[in-house]
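1. Structure, please.
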Amino acid sequence: MFIKPILIGISPNAQADDIWLALKLLWQPWRWQTGSGLALLKAAISRKFPNRQVYLVNAGRTALLLALQSLKLKPGDEVIHLDFTCGVVPGAIRLAGGVPCPTADLTKPGITPRTKALICQHTFGIPDDLSRLQAICRQYKLTLIEDCAHSLGAKYRGKPVGSFGDMAILSFGRDKIISSVFGGALLSKKPLNLPELPCPNRGWIMKQLFHPVLMLAAVPTYFWLGKYLIYLARKLNLITLPLADLKPELLPNALAELALKQWGKLDRLNRHRQVLARFYAQSLHQKFDPQGIYLRYPLPVKNPLQLIKAAKTKHLLLGNWYDGRIINLPTHIKINLSDAARVIQFIKTYV
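-> Residues are numbered from 1 along each chain as shown. Predicted structure coming up:
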């Protein structure tokens, strides 16, 4: 009997039209590095974030690194960030020459004379207290960087997150709000003097275009065939690991076209996430923030790693961003209410 796999990630946003576009682009290498997609994506971002300079790059982590490098940090300069975060954030701070200063509460940061910037991240698409963070940054003359990797499309008091900081980071990674497999953007109130970056080579671009095509076969069969297809593709160097070493480069046109296709679905994708997040919250008696768009729904549980392991026996692949206190429930467009009910039923029987 076939059981639909419910997966937290693994190309969660790719629909038939996205896969068809990737397949067409695979056969049009003259569109891979340059083309109209870059200007169209930049224009779309500018319409949503007016009065911002837009720089398209190959990943959100590249955008974060460039933002930090623009501050010209000196040895010992500190950058405050949330302790509940991806390792990319403190890694970028170190690469830019700064000292990562994690905190459990951004509204109560340990500011010193060496503190230069504060990074907020709107975790899982739930907006931070931006009014408070702006006030703190004004008081101490800090640069406010909004990491919107989880929160593209979320609003704080009616205004898009990413509109409040001195700079903002967008990510178009494979598990983010919209996906071009790799990709990102740096937004800035002021023009930045950034280093000249190369465009990725054609071999790298081809791997990213092949990724959604491969997932067309791998995702529906994940627990009995698909995971082996993914493993084989990685071994044969046909696709790129999501956290592979990545040097700063520009966003190539082919990936800009994938991102642009998904940009047109942004509101619909996020409304779907909100519906599922509200359903999880009501069913499990948890909180729901109507301002959030819930890239994933975070649920505190005991022994999350054991729960995640048990879930795999039921063809459920749940998430563990970013520590050992919570699990993440899927909210993406491939999950319907019946799938979410299956997740809830499993969790209730387990806990």
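2. What is the neighbour count of residue 220?
-> 14 (other CB atoms under 10 Å). For the C-beta atoms, the positions are set from N, CA and C on the backbone; glycine is no exception.
3. OK, contacts around it?
-> Shown in contact with residue 220 (CB atoms under 8 Å, 6 or more residues apart in numbering): 4, 5, 226.
4. Over to residue 92?
-> 61, 64, 65, 68.
5. model confidence over the host helix or strand of residue 210, on average?
-> Assessed by DSSP states H and E, residue 210 sits inside helix 202-218. Averaged across helix 202-218, the pLDDT comes to 97.
6. Give me the packing partners of that helix, helices and strands only.
-> For helix 202-218, the packing partners by 3 or more CB pairs under 8 Å, 6 or more residues apart in numbering; DSSP states H and E come out as helix 16-26, helix 227-235, helix 253-263.
7. how about it: buried residues?
-> Neighbour counts over helix 202-218 (16 or more other CB atoms under 10 Å) mark 204-216, 218 as buried.
8. still on that earlier bit, who wins on neighbours among the contacts of residue 220?
-> Neighbour max across the contacts of residue 220 (other CB under 10 Å) = residue 5, 22 neighbours.
9. And for the nearest residue to that residue once chain neighbours are set aside, the neighbour number?
-> Of all residues not flanking residue 5 in the chain, residue 222 sits nearest, at 4.4 Å (CB to CB, 6 or more residues apart in numbering). A count of neighbours around residue 222, defined by other CB under 10 Å, yields 21.
10. all helices in the stretch 201-350 of the chain, in order from the N-terminus.
-> 202-218, 227-235, 253-263, 266-284, 304-312, 337-350 (DSSP state H, counting those that start in this stretch).
11. Adding distance to residue 187, write those out as JSON lines.
-> Shown next, in JSON lines, are these (distance: least, CB to CB, whole Å):
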{"stretch": "helix 202-218", "distance to residue 187": "23"}
{"stretch": "helix 227-235", "distance to residue 187": "32"}
{"stretch": "helix 253-263", "distance to residue 187": "14"}
{"stretch": "helix 266-284", "distance to residue 187": "15"}
{"stretch": "helix 304-312", "distance to residue 187": "34"}
{"stretch": "helix 337-350", "distance to residue 187": "33"}
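12. tell me the pLDDT at the residue nearest to residue 5?
-> Reported pLDDT for residue 222: 96.
13. Does it touch residue 334 like I think?
-> No: counting by CB atoms under 8 Å, residue 222 does not reach residue 334; the two are 11.6 Å apart.
14. intersection of neighbour lists for these two?
-> Shared contacts of residue 222 and residue 334, counting by CB under 8 Å, 6+ apart, come down to residue 7.
15. What residues sit buried inside stretch 344-351?
-> 344, 346, 347.
16. tell me which of those residues is nearest to residue 136?
-> If you rank those by distance to residue 136 using CB to CB, residue 347 comes first, at 37.0 Å.
17. deepest of the helices and strands packed on helix 202-218, which one?
-> helix 253-263 (a mean of 25; mean count of other CB atoms under 10 Å).
18. Can you show me the CA trace of it as PDB?
-> Taking Å, rounded to 0.1, in the frame of the first residue of the first chain, the C-alpha atoms of helix 253-263 are listed here in PDB:
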ATOM      1  CA  ASN A 253      19.900  34.400 -14.500                       C
ATOM      2  CA  ALA A 254      18.600  30.800 -14.600                       C
ATOM      3  CA  LEU A 255      18.100  30.800 -10.900                       C
ATOM      4  CA  ALA A 256      16.600  34.300 -11.000                       C
ATOM      5  CA  GLU A 257      14.000  33.000 -13.400                       C
ATOM      6  CA  LEU A 258      13.100  30.200 -10.900                       C
ATOM      7  CA  ALA A 259      12.900  32.700  -8.100                       C
ATOM      8  CA  LEU A 260      10.800  35.000 -10.200                       C
ATOM      9  CA  LYS A 261       8.300  32.200 -11.000                       C
ATOM     10  CA  GLN A 262       7.900  31.600  -7.300                       C
ATOM     11  CA  TRP A 263       7.800  35.300  -6.400                       C
END
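19. Use 19 as the first number from now on
-> Yep, numbering from 19; the last one is helix 271-281 now.
20. tally of neighbours for residue 53?
-> 17.
21. any idea where the strands of the stretch 119-268 of the chain begin and end?
-> For the stretch 119-268 of the chain, applying DSSP state E, counting those that start in this stretch gives strands covering 133-138, 161-165, 173-174, 177-178, 185-189, 202-206.
22. residues making contact with the third one?
-> The contact list for strand 173-174, computed with CB under 8 Å, 6+ apart, reads 145, 146, 148, 179, 182, 309.
23. What of the fifth one?
-> Counting by CB under 8 Å, 6+ apart, the neighbours of strand 185-189 from elsewhere in the structure are 63, 67, 70, 77-79, 81-82, 85, 88, 161-167, 170, 179-180, 195, 201-207.
24. ChimeraX command to pick out the buried ones of the residues you listed?
-> The buried subset of the contacts of strand 185-189, as determined by 16+ other CB under 10 Å, is captured in ChimeraX by this line:
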select :63,67,70,77,78,79,81,82,85,88,161,162,163,164,165,166,167,170,179,180,195,201,202,203,204,205,206
